[in-house]
Structures are given as C-alpha cells and as structure tokens.
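1. Test case, fold it:
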Amino acid sequence: MSIRARRPDEAGTWGNLSADSMLTHIVAADTLYTLYFMEEVSARLGWAWEPREVTPGRRPVMEFAGIDQRLIGWQSTRRQQIEDALSVLAAGYEERQGHPPGERAAYALACQAADQTRSPKRTVLLSLSELRERLRASAIAVFGACTVYRLAERARAAAAAVWVRVRPVVDVALAAVDVAAVVYVMRGAFKHHHLLAEARRHLPTPCAAAPTSPAWTNRSSRRPSTTTPARPADR
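-> A predicted model of the protein is given here:
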C-alpha cells in the first residue's frame, strides 16, 4: 500500500501521508468509514440499523435490524476467545495496579488478548466465492435453509418497522451535550478528534433508519446548533 496521496489543493500536488496524523485520527477515521458503510447498506439493500448492547455498561453497537441473534453469534467464536482472555488479563491488571484499566490500558490488553488467542495462518487460502459457499452451507446445516434464504426478506420487513417507529431527526444541540459528556467522563482531558470520533459513534443511534451525514457529526463536535432532519435512505 502506497503512502502517497494527492493533496486537496488546486494544483493537485502529491505528498506522503503523515503517519502521526493518521494514528491520531485513526478512531475518528474508523467511525467515519462505519458511517459510510451503514449509509451504503441502507441505500442499496433497504435495511435498517438498531443499537444492541454487547457488553453491559458499554456503548451499544449498531447491527442490522431483523437479523436472527443466533446468526450474529454463530461465527463469533473468535470474539468470545478474545473476551475470555481479556477478562483474565483485566483481572490481573486490576490486581497489580489496584484499579480497573482505563481506555488506553484496556486497548493494550485487548491487543494482547488478540495476540494470545490468534490461531496459525492458513497454508491454503480460499477465494471469496469459496468462503461464501462454505459459510452458506455451514449456516444452512445449523439453522436450516429457510432461515438463511429469507434473511434479506426479514431484514427489509424489520427495516420497514424501524422506519415507522423512528423519526429520523437529529437534535444537534442535545447530541453535542451527550457527546461532550461521554468524552469528558471517559477521557477527562481531550481534543477535537476525540469529540469527532464520539459524535460519529453517537449519531447513528437516534437515526437508525437513516444513517447520519458526516457533516452533522462535524457540527455536533464543534458547538450546539439547531435540530436537523436526517436524510432518509433510499427505500
């Protein structure tokens, strides 16, 4: 992968990406990618999103509405392995330090848990079509053909119910207050990119039916404004 990119100037000059800047904004960039992904899925497939609590006390994650929870957890053995190892590492950290790990320490422990549980690399690589066929056959064997082949239909029906229930409106002033409160509690001292990353995490929740525009997250991370109607996804 090349680190060279075209600058956004009139001349269109080229330069090297700053690794330090990329690392500083990596969380904000990741959440921006997630926003675009959600918007594309909603527009192309007619699916909606809804928040689901994965870890008690932590922020919910956004998942497709109408997808059987058994299917979501079916291929999550890797995640479970990491979580099991992480709980042991976190307990050891708290015993040594006398307090639970903070955000930075928790991230380091999660990386350590991932390294400890990573299986050896495959010697024979599978193509994307081969992986799809293997996953489809495995899912049908576990849950039945009806569950697998009607997945998209059920997701669209669930999305229609979400669109009826959720009013796609963002109160940017309230969102800004929520974002600032979460970042302050989690970090104490913070910078703009921390607010921007949290704003991008926050805004899809009240607008599950219509993923939020990145422009709104920029506004909510700067200062409170007025209520903004969300742009509904193509249906």
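
2. Now for Gly12: which residues touch it?
-> Residues near Gly12 by CB atoms under 8 Å, 6 or more residues apart in numbering: Arg6. (Each C-beta comes from the backbone N, C-alpha and C, glycine too.)

3. That one: what secondary structure?
-> coil (DSSP: H, G, I helix; E, B strand; the rest coil).

4. Next up, phi/psi of it, please.
-> Gly12 has phi and psi values of phi 70, psi 40 when expressed as degrees, to the nearest 10.

5. Roughly how far does it sit from Ala5?
-> 11 Å (CB to CB, to the nearest Å).

6. Mind pulling up the pLDDT for the residue most central in space within the chain?
-> Central residue of the chain (CA atoms, centre = their mean): Thr34, 5.4 Å from the mean position. Thr34 is assigned 80 on the pLDDT scale.

7. Arg96 too?
-> 91.

8. tally of neighbours for it?
-> Using other CB atoms under 10 Å, Arg96 has 8 other residues around it.

9. Angles on the backbone of the nearest residue to the residue nearest to the centre of the chain once chain neighbours are set aside, please.
-> In space, Thr34 comes closest to Arg200 once its chain neighbours are excluded; the distance is 7.4 Å by CB to CB, 6 or more residues apart in numbering. Torsion angles at Arg200 (phi, psi; degrees, to the nearest 10) stand at phi -70, psi -30.

10. Quick check: Arg200 touching Leu32?
-> Yes: look at Arg200 against Leu32 with CB atoms under 8 Å: they come within range, at 5.9 Å.

11. For the two, indicate the residue with more neighbours.
-> Arg200 (26 against 16).

12. start to end distance for stretch 111-129?
-> 30 Å (CA to CA, to the nearest Å).

13. neighbouring contacts of it?
-> With CB under 8 Å, 6+ apart as the criterion, stretch 111-129 contacts 78, 81-83, 85-86, 89, 134.

14. do stretch 134-150 as well
-> So stretch 134-150 is contacted by 68, 70-71, 74-75, 126 (CB under 8 Å, 6+ apart).

15. Tell me where the protein has helices.
-> 19-24, 26-45, 69-74, 77-97, 103-117, 128-143, 145-149, 151-165, 172-187, 192-202, 214-220 (DSSP state H).

16. Make CSV from those and add distance to Pro60 to it.
-> Shown next, in CSV, are the helices of the chain (distance: least, CB to CB, whole Å):
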stretch, distance to Pro60
helix 19-24, 26
helix 26-45, 13
helix 69-74, 13
helix 77-97, 16
helix 103-117, 17
helix 128-143, 25
helix 145-149, 24
helix 151-165, 15
helix 172-187, 12
helix 192-202, 10
helix 214-220, 17
